[in-house]
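Asker: my questions concern the predicted model and sequence given below.
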Amino acid sequence: MNNRQLAKTLQLIGNLMDLHEENPFKSRSYSSAYRVVRNWPEDLSNLDLKELMEIQGVGKTIANDIYKLAQNGTTEELSRLKSITPSGIIDLLSMKGLGPKKLLLLWKDLGIETPGELLYACQENRLIELKGFGLKTQKNLLDQVQYFISSQGKNLFARVEELSERIIDWFHERYSEEDHSLCGAVRRKDLIIDKVEILTTSMLDPDKLLNELKTEIDDSQIETLDIRIYNCEPENFYSKLFELTGDQEFLNGLSYTEEEYHGVYSEDEIFEDLQIPFVPSDLRYGDLYRKTEIHDLVTTEDVKGVIHAHSTYSDGVNSLKEMAVAAKALSYEYLLITDHSKSAFYANGLVEERLEMQWREIDTLNQMESGFKIYKGIESDILSDGSLDYDLEILKEFDVIIASIHSNLKMNMDKATNRLIKAIENPYTRILGHPTGRLLLARPGYPIDYIKVIDACIANNVVIELNANPQRLDIEYKFISMVLDKGGLISINPDAHSIKGIEDIKYGVMAARKGGLYTSECLSCFNKEKFESWMAQK
DNA sequence: GCCGTTTTCGGCCCGACTGTTTTCAGTCG
């Protein structure tokens, strides 16, 4: 468990105690431990009990809890609380705006124990009769519960990627004489995965295979994953693989019939016969492949710079120097450090004096280094009225400003679009950060008028970010071709909050390829010289 | 449960924001 997961679990324990009206001071201790653990700079799962107890806010019991959680993923206390709470109630605790007190009312007064029951009660207008509830709260919960129900059973690609690889490796090791491959959404690298599909020529009973798989692969996630195993004769492997990889629209566009290709030795043969250039598996959806020069699409090797990263100056885990050393070691040519701006108090945003400190440190580090370069950026909060949160005197000192919305996310399309456009028109804005604020499977973004926002970016020479965090992947890749057609640039940005976060660039590349992004139109693929001349443009 | 001692138990409780109120309760980070 990482610190974030540990913190979430402690928070859950506290919330469950409140839900059962246990000692409120006890639950408060868990809540405060949640806050401490969440922001702790080093990995707590490696510490021993004595070290854990030295943390302010963590005593004997919670130190024990953390230790147990790191070892077993649960504690006696957590198991006890879970055993007296319906699982649907625990699901409901994850709704934003629904804490223990309100949930208890729903549970005891309305008898609601599952998300489905909450949905029904909202539609029946039954929440507003409860004390402390009103129309707005009811509407908010209705939206959230609908979203929750529609994302059930789905996973981010990044969360199933490693396990999928382990599963297919297991097949190769266990039945090395046979052919096996991932297929379906995982092989297409869709952003959201509802099932992991495997094609095999082993001809063994899928249920039996699944049981063996689940006992031999040690990963709790495997229990909740929908895994499908398909068998085929060896001579049909490639035709079947082809058929099970492309989505319906892709296959329909190709007058393809599986039987026709029985006996082929590779997928290349099929493409050759269909008289179209080979389409990599990640692009076998829709008809984008027809309009795209596949060889020019961005790859992870093409990305030359780490644009958009945080350090311990704001809410990052690693220091500025550690981030720079890591970026260089990964063969990137430059790092644009963009900590949070001063109004981001939630993330320890940089007030003016601390900005000066960071700039001095960047200058020093750059002097010690000849090839690699650190640039001075900021992720400036877009305030409610669309303005940025430093004076012009300060704004003009940055090499690059990424403007992003982090607060007051509840907006209608007009308000959100106008707020973004005002920020885009600010003469110092160079990149628009995560344009909709969405968190995949957790929170839909605020609605924006994509055409207006993209037009404004192009008119003001503002690059649009494709935030590479696997939970964001925002801008949605389906709008990339619109940006390119209008002559705009996209930047694949990791939004890294740690050294590890830099690796998220690969997920950004994955989404960018699906959107048809060319290396030449990708800002983060610019080499250092080209990036510097881009910086000088404004 | 944590802390800090008046060492063995009494007092804890950040601060902004929202939506519900009519002066505040609940949630969140």
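Answerer: Cool, got the structure.
Asker: give me the number of residues near the nearest residue to residue A:287 once chain neighbours are set aside?
Answerer: Nearest residue to residue A:287 in three dimensions, chain neighbours excluded: residue A:253, at 5.4 Å (C-beta to C-beta, 6 or more residues apart in numbering). Using the backbone N, CA and C atoms, a C-beta is placed for each residue, glycine as well. Residues near residue A:253, counting by other C-beta atoms under 10 Å, number 14.
Asker: go on, residue A:77?
Answerer: By other C-beta under 10 Å, neighbour count at residue A:77 equals 17.
Asker: and what of the one 3 residues further on?
Answerer: Counted by other C-beta under 10 Å, the residues lying close to residue A:80 total 13.
Asker: residue A:325 too?
Answerer: Residue A:325: 17 surrounding residues under other C-beta under 10 Å.
Asker: go on, residue A:176?
Answerer: Residue A:176: 8 neighbours (other C-beta under 10 Å).
Asker: who in chain A is up against DNA strand B?
Answerer: Contact residues (C-beta under 7 Å from any atom of the strand) of chain A with DNA strand B: A:23, A:25-26, A:28-31, A:33, A:35, A:55-63, A:95-103, A:131-138, A:140, A:345-346, A:408, A:410.
Asker: what helix or strand does residue A:338 sit in?
Answerer: Taking DSSP states H and E as the criterion, residue A:338 maps to strand A:334-340.
Asker: residue nearest the centroid of chain A?
Answerer: With distances taken as C-alpha atoms, centre = their mean, the residue of chain A nearest its centroid is residue A:471 (1.5 Å).
Asker: and it, which of the three is it?
Answerer: Secondary structure state of residue A:471, per DSSP: H, G, I helix; E, B strand; the rest coil, is coil.
Asker: what does residue A:395 show for phi and psi?
Answerer: Dihedral pair for residue A:395: phi -50, psi -40, per degrees, to the nearest 10.
Asker: against DNA strand B, how distant is it?
Answerer: 22 Å (C-beta to the nearest atom of the strand, to the nearest Å).
Asker: show me the contacts for residue A:8.
Answerer: Going by C-beta atoms under 8 Å, 6 or more residues apart in numbering, residue A:8 touches residue A:34.
Asker: pLDDT on the helix or strand where it lies, on average?
Answerer: Residue A:8 belongs to helix A:3-19 when assigned by DSSP H and E. Computed over helix A:3-19, the mean pLDDT rounds to 90.
Asker: C-terminal to it, what's the next element?
Answerer: Taking DSSP H and E, what comes next after helix A:3-19 is helix A:24-38.
Asker: so what touches that next one?
Answerer: A:3-4, A:6-8, A:10-11, A:13-15, A:17-18, A:44, A:55-59, A:62, A:66.
Asker: what's the PyMOL line that selects buried ones from the residues of chain A next to DNA strand B?
Answerer: Buried residues within the residues of chain A next to DNA strand B, by 16 or more other C-beta atoms under 10 Å, are selected in PyMOL with:
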select buried, chain A and resi 29+30+31+33+55+58+62+63+95+98+100+102+103+133+137+138+140
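Asker: export the longest strand along chain A to CSV, keeping only CA atoms.
Answerer: Longest strand in chain A by number of residues (criterion: DSSP state E): strand A:373-381. Only the C-alpha atoms of strand A:373-381 are listed here, as CSV (Å, rounded to 0.1, in the frame of the first residue of the first chain):
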residue,chain,number,x,y,z
LYS,A,373,18.0,22.4,-18.4
ILE,A,374,15.4,23.2,-15.8
TYR,A,375,12.9,25.9,-16.8
LYS,A,376,10.8,28.1,-14.5
GLY,A,377,7.2,27.4,-14.8
ILE,A,378,4.1,27.6,-12.7
GLU,A,379,0.7,25.9,-12.7
SER,A,380,-1.3,28.9,-12.1
ASP,A,381,-4.8,28.5,-10.7
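Asker: give me the nearest residue to the residue in the stretch 401-538 of chain A that DNA strand B sits nearest to, chain neighbours excluded.
Answerer: Ranked by C-beta to the nearest atom of the strand, the top residue of the stretch 401-538 of chain A for proximity to DNA strand B is residue A:408, at 4.9 Å. Counting by C-beta to C-beta, 6+ apart, residue A:408 lies nearest to residue A:384, which is 5.1 Å off, once chain neighbours are set aside.
Asker: so which helix or strand takes in that neighbour?
Answerer: Going by DSSP H and E, residue A:384 is not in any helix or strand.
Asker: before we move on, the earlier item: just checking, what packs against the strand holding residue A:338?
Answerer: The helices and strands touching strand A:334-340, judged by 3 or more C-beta pairs under 8 Å, 6 or more residues apart in numbering; DSSP states H and E, are strand A:305-309, helix A:320-329, helix A:352-367, strand A:373-381, strand A:400-404.
Asker: just say which of those is most tucked in.
Answerer: strand A:305-309 (a mean of 28; mean count of other C-beta atoms under 10 Å).
Asker: how's chain A carved up into domains?
Answerer: As assigned by automatic domain parsing, chain A contains the domains A:3-150, A:155-290, A:300-535.
Asker: quick one, which of those is packed in tightest?
Answerer: domain A:300-535 (a mean of 20).
Asker: that older thread, tell me how far the residue nearest to the centre of chain A lies from residue A:271.
Answerer: Distance of residue A:471 to residue A:271, computed by C-beta to C-beta, to the nearest Å: 34 Å.
Asker: now do the strands in the stretch 101-250 of chain A.
Answerer: Assigned strands in the stretch 101-250 of chain A, in chain order: A:155-156, A:180-183, A:192-193, A:196-200, A:227-231 (criterion: DSSP state E, counting those that start in this stretch).
Asker: before we move on, the earlier item: tell me what angle the longest strand of chain A forms with strand A:334-340.
Answerer: 30 degrees (axes from the mean of the first three to the mean of the last three C-alpha atoms, to 10 degrees).
Asker: tell me the mean pLDDT for strand A:373-381?
Answerer: Rounded mean pLDDT across strand A:373-381 is 95.
Asker: that one: partners in the sheet, and parallel or antiparallel?
Answerer: strand A:334-340 (parallel), strand A:400-404 (parallel) (DSSP bridges).
Asker: neighbouring contacts of the first one?
Answerer: Residues external to strand A:334-340 that are found in contact with it (C-beta under 8 Å, 6+ apart): A:304-311, A:313-316, A:320, A:323-324, A:327-328, A:347-350, A:358, A:362, A:372-379, A:381, A:399-400, A:402, A:406, A:528, A:531.
Asker: chain center to it: distance?
Answerer: Chain-centre distance of strand A:334-340: 19 Å, with C-alpha atoms, centre = their mean, to the nearest Å.
Asker: quick check: angle from that strand to helix A:320-329?
Answerer: Orientation check (the same axes, to 10 degrees): strand A:334-340 against helix A:320-329 gives 140 degrees.
Asker: what do you get for the shortest one?
Answerer: Between the axis of strand A:400-404 and that of helix A:320-329 there is an angle of 100 degrees, by the same axes, to 10 degrees.
Asker: per-residue confidence averaged over strand A:400-404?
Answerer: Average pLDDT, strand A:400-404: 95.
Asker: send over that strand as CSV, restricted to the C-alpha atoms.
Answerer: C-alpha atoms of strand A:400-404 as CSV (Å, rounded to 0.1, in the frame of the first residue of the first chain):
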residue,chain,number,x,y,z
VAL,A,400,6.0,29.1,-19.1
ILE,A,401,2.7,29.4,-17.4
ILE,A,402,0.2,26.5,-17.4
ALA,A,403,-3.2,27.7,-16.5
SER,A,404,-5.5,25.2,-14.8
